[in-house]
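Visitor: Task: produce atomic coordinates for the following.
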Amino acid sequence: MNNAQLRLENTLEVYKSKLPAKPYHTNDYHFGKRIGALNSALKSHHIQPNSLTHKYFMIFDLDGDMSVLDWADKGLPSPHLIVRNLDNGRSHMTYILNTSIKNDVSGRLKPIKYCSDVEHGLAVRIGADMNYNGLLTKNPFKSSAYKVFSYEDIPYDLDYLNEFVDKDLVKKQRDEKKKKKIEDGFASGRNCTLFENLRLWAYANWHRCHQTELRSNILEQAMVFNTFECPLGTREVETIANSVYRFISRNFSVERLNELKSERAKQSRQKSSANLIYVDGKPWEEEGIPKRTYYYRKENNVDAERPVEAQDKPWEKMNMSRRTYYRKKSQGLIEVGTF
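Guide: Below is the predicted model:
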């Protein structure tokens, strides 16, 4: 067994270990796809690589006749798998991630967005089909239908793949899409954008929907947001809508909303109590001091007898300056109530 064959076997072993337990699969897209046990799915021409909750694979659809070498021509890292048609040069190129990205509603948005941006950047650089949805890929275990190549058998870290993203090239591609007023997105990018828009809408509007209509309202709004150049399939939109619905159902309720309103009202009252508004006259005028001085003394518990002293002017009776009077008083040299 030569090195290329050994590397391919190792890669396929890693690939298989990261596949979902019950993936979608099909032999012909015209007859739809079905879900089944992994052993059955491995016999089909097309298989679902990533589960609905975790992403281990970045897959790119390449249409060129020499697509097997596109990665080398564009200066990209060695792909783990390239699965090419027997009758033409079209292929699917796969990068395997060392650590999966949790890509459902319970996952953190920052790593999902990061993974999406890296995948989009690599797709732009190699010139992949931006309309490919990534749900099913050519099955590398179906050697009778495809020619399979492997150039690397150790999974990559996402940060390493990010080093090959040409940000200037991505910006140029997105600007061109923006001029045409087209929503841009590649595979997980479209999913990520739809999920982000839908969850923000659901957070703000769930309480306006009756519980029995919440799921249908979220799905309807998801369809409204699905305005990409190549819209997501109905099944993908439904999956995202159901994820958002489950999260809203578990974490949002009228009771919890009322609790939050009550807590915020208490906090507001506590803040306002520090700033009392006097409607019965202006006490600082009665004491002959500025409004600012009045509140300063009140907040800092300044001696309450001091305003009385200011009116009586005891320092004049003692033939000393006001400043000297208060200095001696603070030193205990003058007893309060002497005059």
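Visitor: just checking, what packs against the longest strand along the chain?
Guide: Counting by DSSP state E, the longest strand found in the chain is strand 91-102. Helices and strands touching strand 91-102, by 3 or more C-beta pairs under 8 Å, 6 or more residues apart in numbering; DSSP states H and E, are helix 3-17, strand 54-62, strand 81-85, helix 109-126, strand 137-138, helix 158-162. C-beta here means a position set from N, CA and C on the backbone, and glycine is covered the same way.
Visitor: what separates the last one from the chain centre, distance-wise?
Guide: Between the mean C-alpha location of helix 158-162 and the chain-wide mean there is a distance of 18 Å, by C-alpha atoms, centre = their mean, to the nearest Å.
Visitor: Could I get the buried residue list for it?
Guide: Judged by neighbour count (16 or more other C-beta atoms under 10 Å), helix 158-162 contains these buried residues: Leu158, Leu161.
Visitor: any idea of the mean pLDDT for it?
Guide: Taken as a whole, helix 158-162 has an average pLDDT of 95.
Visitor: send the alpha carbons of it over as CSV?
Guide: What follows is helix 158-162, C-alpha atoms only, in CSV (Å, rounded to 0.1, in the frame of the first residue of the first chain):
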residue,chain,number,x,y,z
LEU,A,158,-10.5,26.9,12.2
ASP,A,159,-7.9,29.6,13.0
TYR,A,160,-5.5,27.9,10.6
LEU,A,161,-8.0,28.0,7.8
ASN,A,162,-8.8,31.6,8.6
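Visitor: Report all helices and strands that it contacts.
Guide: Checking 3+ C-beta pairs under 8 Å, 6+ apart, helix 158-162 ends up next to strand 91-102, helix 109-126.
Visitor: Buried residues in the longest strand of the chain, which are they?
Guide: So, applying 16+ other C-beta under 10 Å, buried residues of strand 91-102: Ser91, His92, Met93, Thr94, Tyr95, Ile96, Leu97, Ser100, Ile101.
Visitor: next one: stretch 148-167
Guide: Going by neighbour count (16+ other C-beta under 10 Å), the buried part of stretch 148-167 is Val148, Phe149, Ser150, Tyr151, Glu152, Asp153, Pro155, Tyr156, Leu158, Leu161, Phe164, Val165.
Visitor: wait, which of those residues is closest to Lys74?
Guide: Phe164 (8.8 Å; C-beta to C-beta).
Visitor: The closest one should be in a helix, yeah?
Guide: No: counting by DSSP: H, G, I helix; E, B strand; the rest coil, Phe164 is not part of a helix but coil.
Visitor: measure it to Met93 for me?
Guide: 13 Å (C-beta to C-beta, to the nearest Å).
Visitor: swap in Phe225?
Guide: Between Phe225 and Met93 the distance is 29 Å, computed by C-beta to C-beta.
Visitor: what number of residues lie near Asn85?
Guide: For Asn85, the tally of surrounding residues (other C-beta atoms under 10 Å) stands at 14.
Visitor: For it, list the residues it contacts.
Guide: Neighbour list for Asn85: Ser91, Lys138, Tyr146, Lys147 [criterion: C-beta atoms under 8 Å, 6 or more residues apart in numbering].
Visitor: Quickly list what it is bridged to.
Guide: Listed beta-bridge partners, Asn85: Tyr146 (assigned using DSSP bridges).
Visitor: Could you measure from it over to Leu19?
Guide: Per C-beta to C-beta, Asn85 is found 21 Å from Leu19.
Visitor: ditto for Lys142
Guide: Separation of Lys142 from Leu19 (C-beta to C-beta): 14 Å.
Visitor: next one: Val148
Guide: 15 Å.
Visitor: next one: Asn10
Guide: Asn10 sits 16 Å away from Leu19, taking C-beta to C-beta as the criterion.
Visitor: try Tyr114
Guide: Counting by C-beta to C-beta, the gap between Tyr114 and Leu19 amounts to 23 Å.
Visitor: higher neighbour count, the two?
Guide: Neighbour count, other C-beta under 10 Å: between Tyr114 and Leu19, Leu19 has more, with 19 against 16.
Visitor: And the contacts of Asn85, which is closest to Ile59?
Guide: Lys138 (9.0 Å).
Visitor: so what's that closest one bridging to?
Guide: Going by DSSP bridges, Lys138 forms beta bridges with His46.
Visitor: and the helix or strand Leu214 falls within, what other elements does it pack with?
Guide: Secondary structure from DSSP states H and E places Leu214 in helix 214-225. Judged by 3+ C-beta pairs under 8 Å, 6+ apart, helix 214-225 is in contact with helix 188-205, helix 234-251.
Visitor: Quick one: the ones you listed as CSV, columns for mean neighbour count too.
Guide: Shown next, in CSV, are the helices and strands packed on helix 214-225 (neighbours: other C-beta atoms under 10 Å):
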stretch, mean neighbour count
helix 188-205, 19
helix 234-251, 17
